[in-house]
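> structure for the following, please:
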Amino acid sequence: MWSRSIASSKILNVTRNVQQLNVSQQRNFRVAVAGASGGIGQPLSLLLKINNLVKTLVLYDVQNTAGVAADLSHIPTQAKVLHFTGAENMSAALKGAEVLVIPAGVPRKPGMTRDDLFNTNASIVASIAEVAAKSCPKAMVAIISNPVNSTVPIFSEVLKKHGAYDPKRIFGVTTLDVERAVTFVAEMKSLNPDSVNIPVIGGHAGTTILPIISQATPKVSIDKDKLAPLIARIQDAGTEVVKAKAGAGSATLSMAYSAARFTDSLLQALSGTPNIVECAYVKSDVTEAKYFANPLLLGKDGIQQNLGIGTLTPYEKELLDKAVPQLVQNIKKGEDFVNKK
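The predicted model follows:
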């Protein structure tokens, strides 16, 4: 049921010779990227430019958008590239978007946590939500801007104020956590990563990231003394990249790839491809946290079915019990940011 390997192959195959619905049977969509000139936005836009489900690719940012658009426009695919620059043009950029992807914001630097980014990125996400509520109220929204645990509630609260909120259409992109879990487990067990699927539940920061190794396919056996360090590495993988880049930024290429894969899954679901399942951070009643990430069945209207968390091991339940209070705190922080303004 999982779509990871199918979508991965699609993104990587520039010749677009992929095993999916015939292009003539598919719809093509208008996709807007808010933050298209940044470290994530540029490679993400490149991957979306070569996606044959994208008819119009709209690039928006506060600067340098024209140059990114000119560069991408020389790639011979069907996607037409439009560009808009500056807050005064955001409404025109987002107008009519069927999918809105938001990598806008400042990146993490050494010593920074995702929460350190809160004040700057919270304001950016709220401003985009204000415009999206009027310009593309029916769009599927994929939020990358950190801290996702708080920015998804922020976006949602703004839409509520405008009467434009549909919880089935708002997603926090946690795909990179899944990809990291798959990569690290495949390396550890000498498996082909294309054949590995691992649900990652919870949130998108530190100990709220919960890879459910017991539900991996194919089934894997990991000694207890190796399991805890593996989970810790998945949870702290973003910091691993920040440290390796030594002040030059955070995870951009892997995040762009993962965001493009999630966006592709949204587009496939919109076009009618069945059985598209992705983990994402969404409005939820699965736990006490109002928002929670776990596998979702996607359809033409967004979330078709929340598939829940399945059966957890005692150790995984212990990790979940520790994660939920942190998520509740992160969510309240996002909601309070909007409601106290």
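> of all the residues in stretch 301-319, which ones are buried?
For stretch 301-319, burial by neighbour count (16 or more other Cβ atoms under 10 Å) applies to 302-304, 306-307, 309, 312, 316, 319. Backbone N, C-alpha and C define where each C-beta goes, glycine included.
> those residues in strands, which ones?
Using DSSP state E, the subset of the buried residues of stretch 301-319 located in strands is 302-304, 306.
> identify the farthest-apart pair in those residues.
Greatest spacing in these, by Cβ to Cβ: Gly302 and Asn306 (11.1 Å).
> in a markdown table: the buried residues of stretch 301-319, plus distance to Ser284 and pLDDT.
Listed next are the buried residues of stretch 301-319 as a markdown table, based on distance: Cβ to Cβ, whole Å; pLDDT from 0 to 100:
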| residue | distance to Ser284 | pLDDT |
| --- | --- | --- |
| Gly302 | 14 | 98 |
| Ile303 | 10 | 98 |
| Gln304 | 15 | 98 |
| Asn306 | 7 | 98 |
| Leu307 | 11 | 98 |
| Ile309 | 10 | 98 |
| Leu312 | 16 | 98 |
| Glu316 | 17 | 98 |
| Leu319 | 17 | 98 |
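> of those residues, closest to Arg233?
Nearest to Arg233 among the buried residues of stretch 301-319, with distances taken as Cβ to Cβ, is Leu319, at 14.1 Å.
> excluding chain neighbours, give the residue nearest to that closest one in space.
With Cβ to Cβ, 6 or more residues apart in numbering as the criterion, Leu319 has its nearest non-adjacent residue at 5.4 Å, and that residue is Leu210.
> which strand residues bridge the one you found?
Ile201 (DSSP bridges).
> and it, how far from Asn330?
14 Å (Cβ to Cβ, to the nearest Å).
> what residues are up against Tyr315?
Tyr315 sits next to Leu227 when contact means Cβ atoms under 8 Å, 6 or more residues apart in numbering.
> switch the cut-off to 6 Å
By Cβ atoms under 6 Å, 6 or more residues apart in numbering, no residues touch Tyr315.
> kindly report the same for Pro137.
Here Pro137 is in contact with Ala164 (criterion: Cβ under 6 Å, 6+ apart).
> and what of Ala122?
Going by Cβ under 6 Å, 6+ apart, the list of residues near Ala122 reads 154, 337.
> quick check, it in a helix?
Yes - judged by DSSP: H, G, I helix; E, B strand; the rest coil, Ala122 forms part of a helix.
> and it, how far from Cys279?
24 Å.
> could you do Val54 as well?
23 Å.
> and if you look at Thr207?
17 Å.
> tell me the contacts of the residue nearest to Leu319?
201-202, 319, 323.
> can you do 10 Å?
177, 181, 199-203, 231, 234-235, 293-294, 309, 312, 316, 319-320, 322-324 (Cβ atoms under 10 Å, 6 or more residues apart in numbering).
> and those residues, which are buried?
177, 181, 199-203, 231, 234-235, 293-294, 309, 312, 316, 319-320, 323-324.
> and stretch 141-158, how far out from the chain's middle?
10 Å (Cα atoms, centre = their mean, to the nearest Å).
> Asp116 belongs to a helix?
Yes - Asp116 forms part of a helix when assessed by three-state DSSP.
> quick one, strands of the stretch 101-250 of the chain?
140-143, 170-172, 200-202, 209-211 (DSSP state E, counting those that start in this stretch).
> could you dump these to TSV with mean pLDDT and distance to Lys226?
Listed next are the strands of the stretch 101-250 of the chain as TSV, based on pLDDT from 0 to 100; distance: least, Cβ to Cβ, whole Å:
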stretch	mean pLDDT	distance to Lys226
strand 140-143	98	33
strand 170-172	98	29
strand 200-202	98	18
strand 209-211	98	13
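> Met90 is nearest to which of those?
strand 140-143 (14.3 Å).
> note down every partner strand of that closest one and its orientation.
strand 99-102 (parallel), strand 170-172 (parallel).
> let's have these in CSV, adding distance to Leu253 and mean neighbour count.
Compiled in CSV, the strands paired with strand 140-143 are given as follows (distance: least, Cβ to Cβ, whole Å; neighbours: other Cβ atoms under 10 Å):
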stretch, distance to Leu253, mean neighbour count
strand 99-102, 16, 27
strand 170-172, 20, 29
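> phi, psi for the nearest residue in space to Leu270 that is not next to it in sequence please.
In space, Leu270 comes closest to Lys300 once its chain neighbours are excluded; the distance is 5.8 Å by Cβ to Cβ, 6+ apart. Per-residue torsions, Lys300: phi -70, psi -20 (degrees, to the nearest 10).
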